[in-house]
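[1] Sharing a model that was predicted from the sequence below.
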Amino acid sequence: MKSTTAATCTYGDGGLIEVNPRVWSDLSDITREILLFHELGHCILYKDHDDSQLGIMNKILLPGYIGKSRAEYLEDFFYH
Ligand SMILES: [Zn+2]
């Protein structure tokens, strides 16, 4: 894993999420949650990146739930 990579998902056999401890230690609790949702989105929901709107599957890790509520982010994440 590159030093700037926050986390990765390896597909197959249930999937494997690996988190970079150096990046993790600098993240807020909210950003950590978004990061784990993002990787679960890859590994469990088989989602690709989507930069068409603010969302959990944006390529760039969001620092928080910007512009809309956590509930709205999660609704978009699970149901769209
Ligand atoms: Zn990703």
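    Received, thanks. Numbering: from 1, shown residues only.
[2] Quick check: the residue nearest the centre of the chain vs residue 47, distance?
    The chain has residue 38 as the residue nearest its centroid, 2.0 Å off, counting by C-alpha atoms, centre = their mean. Relative to residue 47, residue 38 is positioned 9 Å away (C-beta to C-beta, to the nearest Å). Using the backbone N, CA and C atoms, a C-beta is placed for each residue, glycine as well.
[3] One more: residue 64?
    Taken as C-beta to C-beta, the span from residue 64 to residue 47 is 20 Å.
[4] Compare the two (neighbour count), which wins?
    residue 47 (16 against 13; other C-beta atoms under 10 Å).
[5] tell me the SS of that one?
    coil (DSSP: H, G, I helix; E, B strand; the rest coil).
[6] Number of residues surrounding residue 23?
    Neighbours of residue 23 (other C-beta under 10 Å): 19.
[7] Could you pull up the mean pLDDT of the longest helix along the chain?
    When the chain is scanned for its longest helix (criterion: DSSP state H), the result is helix 29-43. Averaging pLDDT along helix 29-43 gives 96.
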